[in-house]
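Engineer: sequence plus the predicted model coming up.
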Amino acid sequence: MSRPETGRKAPRSKGVDGWLLSAPALILLIVAASGPLLIVAIYSVLEKGDYSGVRWILSGEGWFRVLFERDIFDQTISLADANLSIFWRSIKLSIATTIITFGFGLPTAWFIATRPARSRAFWLFLITVPFWTNLLIRTFAIMEVIRNQGILNTFLTHFGLISEPIQILYTDTAVLIGMTYVYLPLMVLPLYAAIDRFDFRLIEAGYDLYASRWQVLRGVILPIIKPGIVAGSILVFIPSLGAYVTPRVLGGGKNMMIGNFIELQFGQGQNWPLGAALSTLLLLVVLVSLIVYTRVSSKDNTNG
Amino acid sequence: MNTDIAIDARNVGKIYGSGAGAVTALGDVSISIKKGEFFTLLGPSGCGKTTLLRCIAGFETPTKGSIHLSGTDITYDPPYQRPVNTVFQSYALFPHLTVAQNVGFGLKMRGAAAADVAQAVDRVLALVKLEDFANRLPQQLSGGQQQRVALARALAPEPQVLLLDEPLSALDLKLRKEMQSELKRLQAETGITFIFVTHDQEEALTMSDRIGVMSAGALLQVGTPHDIYDRPTTRFVADFIGETNFLEGSVEDHQVRIGTGDLLAVPLEGETGPVTLAIRPEQVSVTSAQADMSGKITDATYMGTDTHYTIELKDGSPLVARIQSKSTATFDVGDTVGVAIDARAVQVLKS
Ligand SMILES: Nc1ncnc2c1ncn2[C@@H]1O[C@H](COP(=O)(O)OP(=O)(O)OP(=O)(O)O)[C@@H](O)[C@H]1O
Ligand SMILES: [Mg+2]
């Protein structure tokens, strides 16, 4: 074979090198990320084992049980209201957590980004301090604050603002408070990064062009820091949806979220295919909401 | 109340901060700017030009004094309630909006109907010759085009007064000249009062109906470019606008005796005692023949059309003369020459 022109050969060999260089990353992605997902997906379509595990027989029962339940006596099929309400509660609480963390996160991030450069590192450090403590301990700390004989109720009773302790612990509100607290930094940090890049002179330009404070916020600031809002919302919404520790500790046994429900199937419930199907469904819900969310938020960019 | 006045600033002072770190940006500035005027604030860096502009725009509240717009006190009105728009030095275009949306922003915020906004945007974009760029984003434009968008955006709501804070300083020389005449044209076509800030004296002289010269938070002199250039009232103004020679002297016999002992018949308006004479280099002529005064050439700088000669007079004071390079006589360093001063054009300043 005659020697090809060097000019043509160079890019080709570079391409091969490129693949070789990225091989470790690809292998890691396949083994560590896609592999376990694949196993979960496969388990969801197998038959449940006698006590736990699966039998290698193809079955739609796992997926069937996500939505329906069979009466033990007469085998009639009905919608699994309990499952659906757990899904619905998870989505509701996650959306609420995202909105509340945004409500607190925006002023916080704004405050930090408008400090002098020297003190910003300090404020950012304060925001990240909770990460240094175990999640379980932080959650128990919240419990200490909101339980009936806890700090909050004692305080309010002491000052005569309430006569009876307010029952917060083991309610959805408790779960919401806990998740807001735990995920707030994940909202603040991307918002801060976006506000830090924001050109504050644009606010004056807005005021100059007859925009009120509210109009400047809506028409100038929010659209420009939108990448930070999108990133923060995703970072908060996804772990909220799969939250396990917080609803377990603060929600008690009855206020389950999807994470607890899935755990139940792999533990006490001994129904691995159902657990696997629920996990896969959770993943799909996350993916679909991500796609919808990014679509919607990139669309309203153009009608400013 | 004089209805010809657009902006009337009365005894405006502005102090930033308080206590030991306080900075007095404006001392006590009073100024009346007429409707439809192209008014320029000129002064060195840090003299308070931007501060005065920001007080008029409403971004700063004066520490003292008041600002009136067409007779109404607007000192404490927020910027979004003032029919005054600003062209920012940094342009400050909204990066997430197209050119058309940027230009329509002000009208939209004021609640104009969509159709009216669209019509106004088309009209103003045509005015700044950017019709073809309506749907681009600001970052897809050159610096000069962004400048025009900033201008169009500020003009679209038809403000009573347009404030321009060194709008041309980021442009290269050629574009700058182009935009200078463009601004003049826009001002003439729209009839809007322009308040223009610059520290470039040439720009101020060529563009303005009137100029206000500022220094260290004070307004030193207000007048037409001719007034300012030909009849500066202070040494600072004479020095800041163009090049000027200063000779010390004292009034004697309706003339001024300068350090060399020579008497100059400069126009006097009752001044007595010590005075300073401000003499433009083009008012000094140099001859090889005998003249009023004599001196020695210590420096000759060829500047293209002109040559600048520095002459040392008998008493040692330097005097710069600007002579057209193509004039018949040329001189060398070391030559002793005759010096004549066009005394009628000399400006007398109180020492
Ligand atoms: N926000 C502020 N806080 C404290 N001091 C300020 C502030 N803004 C301006 N100054 C000071 O006020 C004085 C006048 O500033 P100003 O910006 O009005 O000057 P300028 O004439 O516009 O100068 P330049 O030509 O450099 O733009 C300066 O000494 C400046 O340091
Ligand atoms: Mg300035």
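Structural biologist: That came through fine. Ligands and ions are numbered 1, 2, ... in the order given.
Engineer: what about B:Ser70, how many neighbours?
Structural biologist: 17 (other Cβ atoms under 10 Å in any protein chain shown). No exception for glycine: its C-beta is placed from N, CA and C like everyone else's.
Engineer: give the contact list for residue 289.
Structural biologist: Picking chain A for this. A:Phe237 (Cβ atoms under 8 Å, 6 or more residues apart in numbering or on different chains).
Engineer: um, chain B though
Structural biologist: B:Ala289 is in contact with B:Gly338, counting by Cβ under 8 Å, 6+ apart.
Engineer: how would you label it: helix, strand or coil?
Structural biologist: coil (DSSP: H, G, I helix; E, B strand; the rest coil).
Engineer: and residue 125, what helix or strand is that in?
Structural biologist: Looking at chain A here, since you left the chain open. helix A:117-128 (DSSP states H and E).
Engineer: hm, I was asking about chain B
Structural biologist: helix B:114-127.
Engineer: repeat for B:Glu178
Structural biologist: Short version, using DSSP H and E: B:Glu178 is in helix B:173-190.
Engineer: packing partners for that helix?
Structural biologist: helix B:114-127, helix B:143-155, strand B:193-198, helix B:201-207 (3 or more Cβ pairs under 8 Å, 6 or more residues apart in numbering or on different chains; DSSP states H and E).
Engineer: ok, back up a step: pLDDT on the helix holding A:Phe125, on average?
Structural biologist: Averaged across helix A:117-128, pLDDT comes to 92.
Engineer: and the helix or strand following that helix, what does it pack onto?
Structural biologist: Later in the chain than helix A:117-128, the nearest helix or strand by DSSP H and E is helix A:135-146. With contacts taken as 3+ Cβ pairs under 8 Å, 6+ apart, helix A:135-146 sits against helix A:151-158, helix A:172-197, helix A:245-250.
Engineer: out of the ones you listed, which is the most enclosed?
Structural biologist: helix A:245-250 (a mean of 24; mean count of other Cβ atoms under 10 Å in any protein chain shown).
Engineer: okay, that one in CSV with CA atoms only?
Structural biologist: Output in CSV follows, covering the C-alpha atoms of helix A:245-250 (Å, rounded to 0.1, in the frame of the first residue of the first chain):
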residue,chain,number,x,y,z
VAL,A,245,-33.1,10.0,55.6
THR,A,246,-35.1,13.2,56.0
PRO,A,247,-38.6,11.7,55.5
ARG,A,248,-37.6,8.6,57.5
VAL,A,249,-36.6,10.6,60.5
LEU,A,250,-38.9,13.7,60.4
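Engineer: and that helix, how far out from the chain's middle?
Structural biologist: Relative to its chain's centre, helix A:245-250 lies at 15 Å (Cα atoms, centre = their mean, to the nearest Å).
Engineer: again, but for stretch A:140-152
Structural biologist: 25 Å.
Engineer: same check, this time on stretch A:160-179
Structural biologist: Using Cα atoms, centre = their mean, the offset of stretch A:160-179 from its chain centre is 23 Å.
Engineer: stretch B:123-139 now?
Structural biologist: Distance of stretch B:123-139 from the chain centroid (Cα atoms, centre = their mean) equals 29 Å.
Engineer: which parts of it are buried?
Structural biologist: Across stretch B:123-139, burial judged by 16 or more other Cβ atoms under 10 Å in any protein chain shown covers B:124-125, B:127-128, B:130, B:133-134, B:137-138.
Engineer: next one: stretch B:176-183
Structural biologist: Buried residues in stretch B:176-183 (16+ other Cβ under 10 Å): B:176, B:179-180, B:182-183.
Engineer: distance from it to the middle of the chain?
Structural biologist: In terms of Cα atoms, centre = their mean, the centre of stretch B:176-183 is set 15 Å apart from its chain centre.
Engineer: the residue most central in space within chain A and B:Lys108, how far apart?
Structural biologist: For chain A, the residue nearest the mean C-alpha position is A:Ile238 (2.1 Å; Cα atoms, centre = their mean). Relative to B:Lys108, A:Ile238 is positioned 36 Å away (Cβ to Cβ, to the nearest Å).
Engineer: repeat for A:Val292
Structural biologist: 29 Å.
Engineer: who has more neighbours out of these two?
Structural biologist: B:Lys108 (23 against 10).
Engineer: for the more buried one, what are its contacts?
Structural biologist: When contacts are counted by Cβ under 8 Å, 6+ apart, B:Lys108 touches B:Val117.
Engineer: which pLDDT does the model give it?
Structural biologist: 95.
Engineer: which element is it on?
Structural biologist: Assigned by DSSP H and E, B:Lys108 falls in helix B:99-109.
Engineer: one more: B:Ala278?
Structural biologist: Assigned by DSSP H and E, B:Ala278 belongs to strand B:274-279.
Engineer: contacts for that strand?
Structural biologist: By Cβ under 8 Å, 6+ apart, the residues outside strand B:274-279 that reach it are B:232, B:235, B:238, B:244-251, B:256, B:258, B:264, B:266, B:319, B:341, B:346-351.
Engineer: change it to 10 Å
Structural biologist: For strand B:274-279, the surrounding residues in contact (Cβ atoms under 10 Å, 6 or more residues apart in numbering or on different chains) are B:231-235, B:237-239, B:243-251, B:256, B:258, B:264, B:266, B:268, B:319-321, B:341-343, B:345-351.
Engineer: buried set for stretch B:155-170?
Structural biologist: Neighbour-count burial for stretch B:155-170 [16+ other Cβ under 10 Å]: B:155-157, B:159, B:161-168.
Engineer: tell me the contacts of the closest residue to B:Ser325 other than its chain neighbours?
Structural biologist: Sequence neighbours aside, B:Thr307 is the residue nearest to B:Ser325 in space, at 4.9 Å (criterion: Cβ to Cβ, 6 or more residues apart in numbering or on different chains). Applying Cβ under 10 Å, 6+ apart to B:Thr307 gives the contacts B:286, B:300-301, B:321-327, B:330-331.
Engineer: among these, the buried ones, what's the PyMOL command?
Structural biologist: Buried members of the contacts of B:Thr307, defined by 16+ other Cβ under 10 Å, are picked up in PyMOL with:
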select buried, chain B and resi 286+300+321+322+323+331
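Engineer: quick one on the thing from earlier: give me the sheet partners of the strand holding B:Ala278 and which way each runs.
Structural biologist: In the sheet, strand B:274-279 lines up against strand B:245-252 (antiparallel), strand B:347-350 (antiparallel) (DSSP bridges).
Engineer: weakest of these by average pLDDT?
Structural biologist: Taking the mean pLDDT of those, strand B:347-350 comes last: a mean of 81.
Engineer: pull the CA atoms of that strand into CSV?
Structural biologist: Listed next in CSV are the C-alpha coordinates belonging to strand B:347-350 (Å, rounded to 0.1, in the frame of the first residue of the first chain):
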residue,chain,number,x,y,z
GLN,B,347,-7.0,87.2,28.1
VAL,B,348,-6.3,88.9,31.4
LEU,B,349,-6.9,86.8,34.5
LYS,B,350,-6.9,88.1,38.0
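Engineer: next, give phi and psi for the residue in the stretch 51-200 of chain A that ligand 1 sits nearest to.
Structural biologist: Residue of the stretch 51-200 of chain A nearest ligand 1, by Cβ to the nearest ligand atom: A:Phe200 (12.5 Å). When read as degrees, to the nearest 10, the backbone of A:Phe200 gives phi -70, psi -20.
Engineer: how many other residues sit next to it?
Structural biologist: 11.
Engineer: who's in contact with it?
Structural biologist: Counting by Cβ under 10 Å, 6+ apart, A:Phe200 touches A:113-114, A:221, B:92.
Engineer: out of the residues you listed, grab the one that's most surrounded.
Structural biologist: Compared across the contacts of A:Phe200, B:Ala92 has the highest neighbour count, 22 neighbours, by other Cβ under 10 Å.
Engineer: could you tell me how far that one is located from B:Pro79?
Structural biologist: Taking Cβ to Cβ, one finds B:Ala92 at 13 Å from B:Pro79.
Engineer: who touches both of the two?
Structural biologist: By Cβ under 10 Å, 6+ apart, the residues touching both B:Ala92 and B:Pro79 are A:204-206, A:208, B:86.
Engineer: quick one: which of those residues is nearest to B:Thr50?
Structural biologist: Checking the shared contacts of B:Ala92 and B:Pro79 against B:Thr50 with Cβ to Cβ, the nearest one is B:Thr86 at 10.6 Å.
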